[in-house]
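Novice: Fold the following and give me the result.
(3 chains)
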Amino acid sequence: GYGRTGVIYYENDTNENESQIVSRLRMNLDASTSTDQGVEFGGRFRLQWDQGSNTRGDRASTNAGKLYVTSNGLTVEVGNVDTAFDSNGLLYATELGAFDRSVGFSDRTGSFFSYKSDAYADVDRVGVRVLYEIDNLTVQGSYVDPDQSGLNEVAFGTKEEYGLSVDYTWNDRLELSAAYVTDGAGIEDNDVFFVGARYAVMDNARIGLNYVDASNDSAADDGNTIALYGDYALADGLTQIEAYIANNDADWNETDNAFGVGVNYDLGGARLGASLQRDYNENVTADMGVRFDF
Amino acid sequence: GYGRTGVIYYENDTNENESQIVSRLRMNLDASTSTDQGVEFGGRFRLQWDQGSNTRGDRASTNAGKLYVTSNGLTVEVGNVDTAFDSNGLLYATELGAFDRSVGFSDRTGSFFSYKSDAYADVDRVGVRVLYEIDNLTVQGSYVDPDQSGLNEVAFGTKEEYGLSVDYTWNDRLELSAAYVTDGAGIEDNDVFFVGARYAVMDNARIGLNYVDASNDSAADDGNTIALYGDYALADGLTQIEAYIANNDADWNETDNAFGVGVNYDLGGARLGASLQRDYNENVTADMGVRFDF
Amino acid sequence: GYGRTGVIYYENDTNENESQIVSRLRMNLDASTSTDQGVEFGGRFRLQWDQGSNTRGDRASTNAGKLYVTSNGLTVEVGNVDTAFDSNGLLYATELGAFDRSVGFSDRTGSFFSYKSDAYADVDRVGVRVLYEIDNLTVQGSYVDPDQSGLNEVAFGTKEEYGLSVDYTWNDRLELSAAYVTDGAGIEDNDVFFVGARYAVMDNARIGLNYVDASNDSAADDGNTIALYGDYALADGLTQIEAYIANNDADWNETDNAFGVGVNYDLGGARLGASLQRDYNENVTADMGVRFDF
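Specialist: Sure, this is the predicted structure:
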């Protein structure tokens, strides 16, 4: 798990304070066993607290369990699974700073299921994920049924979600990723398509291009978004500069362009980070904080 | 703790899907310390998630704590204790497959308190258990007061439950067990009596006979049940065949006979299992899955 | 964490049973990492169950997370912090027995925030604590904002609490402590001041004097309290006798004097303890139990 804390500023017109201390503490509880043939079986719970969250702000939430079996690069998960779309290698590559935020891209990737850190909305939700990793290739597919009992099929958000994701690295320099999800988050016709590429132009500099089509005329329509992004490591080997510029075509935008710059400084076990971004409502947001993994 | 997952089929006349993926993830959180004299003090919490459960299906439940002290074979537990009746050595011996299910016997053993994996119904519930183990003999007694405050004594299910259990193994081949509980689950006049025996007729085959009298004219009357059961290990030493046939005399039964066959295959650290059973409503149920302990 | 269990008797005029089994099980879940420069970052969650508690009696509660960074004696905490006032070295020095109870002093120290073992009342509560330890001196300050969002400022208990605490030990024999909190527990004008001293008159005997001024005409007025207390270790080196006598000037007292005697016996890893006390309502309370730390 990890912990992070710091201050986030978010320009807004309400009475809410624009600058707030925001912290997260996440602990993964893992247990596993191996058979004589080298097949590994295991399970995971998570305890997570997020400052200000309605569902995990007053205390650490517990969540539904994930069970998995893995052998020779093939992993099958059942329960509260990491979904294929959410696990894509480049989907979150535009994120900046210690809080890993990207208001220009991550906030417009549409709706889809992911590993849930707090309680399910429905005790009958079930998921399955198959993941295959070989050399430089990762292929995965996932399935989430929001209610396998069959008793709630008429309600909103109860379609079965199917997702697929492929990641490939060529020659250690070029990363190529694509992902697709149908009826994302159980919402009918909410199909989202993502494709991305990132290239290491120098040993200490990478540049990437991401595209996501979440313009599906469903209740979760987020428009089409394209982002150009990159990062550059300074000569000290500890400081990394990051930036992105993104364009989204949704009708309700104040502006179709968003951008951000960020920096991370490696403390060797923890990192300090900051970012400055502007979103599609033309609101400015900034953050500064520290993150440590354990 | 352990994890298990697989598919359970249960014949039914409702709109509910008859085949569902059913998983459980259980993690016990144990902590203990020993005094200079070798007395061990400890405590346990449990995190458990059960697919589809109303109380622990949407997330891992936490539960009330158990505290214990143990020395020289004598153990005293306080709090959310393992009760004597529920801890009997043969009470669950008819169970089959990876899910350890027995619709013909375990479902008709009446109501009684047990170690609770999720929240108490009453914050004033308290339990005490005394367990003594010596050589081939295990004797235990337990007491559960559903509300020690004395403020809710008029409500349903607030009698104090007393339980007793004895297990004895003779010559490593014959197991004898008996257990008794009065006012089980705090329900007045809900007295349940169990007796069972199992004999190893060969090194790789055992046969047993269980009898439980839960016909107590209380709100938890389950009738009398007798079950003949056995298991047989194949020559590979990994595959175990199990079966039972049971008779229950409750008035509301569609049939008075239930039966089941099961198989478990040892993966060395995990086990694959399946069972096929018919219950007293003449409904067929089947399951197939995997269980791993850690 | 630790576990403790035993029986507490509390004289009362209601229908509630005067003698009850009272247990607690507390497990701290800690995780940390160190940077190359020796700075330690970490976080803590707690699981706690308290017999009979309304908020953590039916199951183990989870709580909001605490994050900290520590280096060279300086510690900064963010989130669900240990507050300065609550962490004072002598504030709880009058407590007796295995349950560490002091109805004459600890119950009249006013209201203030502390590390919360169960859920926050408000997801927007945030705390910060700075702690500095050097040689025999401990200085700490803390700040708790019950609602940093700024949206609930008009409600009761939403002032920002500031606390300060100093502990100093002179020549290994004399302990001096003082603490101050303003708007304690977010309640306006609820300022509490504490000062205490304890002196080791012999190697095996200590005597102390505590004073707390919680007479602040706020909703949390607890009057002024002074307590004289001491402890004495018997020649066996395992048995410790403790006692206090206290005076409180609140108008609603039945009597202005309270007192108690207690004993603890060290089992080497666990301790047996008992106490007998009389509170300001002239009610007698007694307890006997065992506590073990792990």
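
Novice: can we go C-alpha only for contacts and neighbour counts from here?
Specialist: Fine.

Novice: can you count the residues close to A:A121?
Specialist: 12 (other C-alpha atoms under 10 Å in any protein chain shown).

Novice: I figured it hits B:N54, correct?
Specialist: No - if you go by C-alpha atoms under 8 Å, A:A121 and B:N54 don't touch, sitting 11.6 Å apart.

Novice: Report all helices and strands that the longest strand anywhere in chain A contacts.
Specialist: As assigned by DSSP state E, the longest strand anywhere in chain A is strand A:19-34. Helices and strands touching strand A:19-34, as assessed by 3 or more C-alpha pairs under 8 Å, 6 or more residues apart in numbering or on different chains; DSSP states H and E, comprise strand A:2-10, strand A:40-50.

Novice: Tell me which of those lies nearest to C:N88.
Specialist: Closest of the helices and strands packed on strand A:19-34 to C:N88 is strand A:2-10, at 25.9 Å (criterion: C-alpha to C-alpha).

Novice: How about that closest one and chain C, any contact?
Specialist: Yes - applying C-alpha under 8 Å from any C-alpha of the partner chain, one finds strand A:2-10 touching chain C at A:3-5.

Novice: what's A:D86 sitting at in phi/psi?
Specialist: phi -70, psi -20 (degrees, to the nearest 10).

Novice: Does it touch A:G110 like I think?
Specialist: No - judged on C-alpha under 8 Å, A:D86 makes no contact with A:G110 at a distance of 10.9 Å.

Novice: Of those two, which one has the most company?
Specialist: A:G110 (24 against 21).

Novice: Surely that one and A:F193 touch.
Specialist: No - using C-alpha under 8 Å as the test, A:G110 is too far from A:F193 to be in contact (9.5 Å).

Novice: overlap in contacts of the two?
Specialist: A:A214 (C-alpha atoms under 8 Å, 6 or more residues apart in numbering or on different chains).

Novice: To what extent is the residue nearest to A:A205 when sequence neighbours are not counted buried, counted in neighbours?
Specialist: Residue nearest to A:A205 in three dimensions, not counting chain neighbours: A:Y232, with 4.4 Å by C-alpha to C-alpha, 6 or more residues apart in numbering or on different chains. Neighbour count of A:Y232, defined by other C-alpha under 10 Å: 18.

Novice: Any figure for the gap between A:Y232 and A:L238?
Specialist: 11 Å (C-alpha to C-alpha, to the nearest Å).

Novice: ok but A:W252 is inside a helix, no?
Specialist: No - assessed with DSSP: H, G, I helix; E, B strand; the rest coil, A:W252 is coil; it does not lie in a helix.

Novice: ok now do it, which residues does it touch?
Specialist: Contacts of A:W252 by C-alpha under 8 Å, 6+ apart: none found.

Novice: mind running it again at 10 Å?
Specialist: A:222-223, A:280-281 (C-alpha atoms under 10 Å, 6 or more residues apart in numbering or on different chains).

Novice: Next, format those residues as TSV and append distance to chain B, neighbour count and pLDDT.
Specialist: Listed next are the contacts of A:W252 as TSV, based on distance: C-alpha to the nearest C-alpha, whole Å; neighbours: other C-alpha atoms under 10 Å in any protein chain shown; pLDDT from 0 to 100:
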residue	distance to chain B	neighbour count	pLDDT
A:D222	28	25	96
A:G223	32	20	97
A:Y280	35	23	97
A:N281	35	15	96
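
Novice: Make CSV out of those and add distance to A:A98 and secondary structure.
Specialist: CSV is the format used below for those (distance: C-alpha to C-alpha, whole Å; DSSP: H, G, I helix; E, B strand; the rest coil):
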residue, distance to A:A98, secondary structure
A:D222, 26, coil
A:G223, 27, strand
A:Y280, 22, coil
A:N281, 23, coil
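
Novice: quick one: furthest residue from the center of chain A?
Specialist: Distance from the C-alpha centroid of chain A peaks at A:D36, with 35.3 Å (C-alpha atoms, centre = their mean).

Novice: Just the buried positions in stretch A:256-272, please.
Specialist: By 16 or more other C-alpha atoms under 10 Å in any protein chain shown, the buried positions in stretch A:256-272 come out as A:256-267, A:269-272.

Novice: what does stretch A:13-21 give?
Specialist: Quick answer for stretch A:13-21 (16+ other C-alpha under 10 Å): A:19-21.
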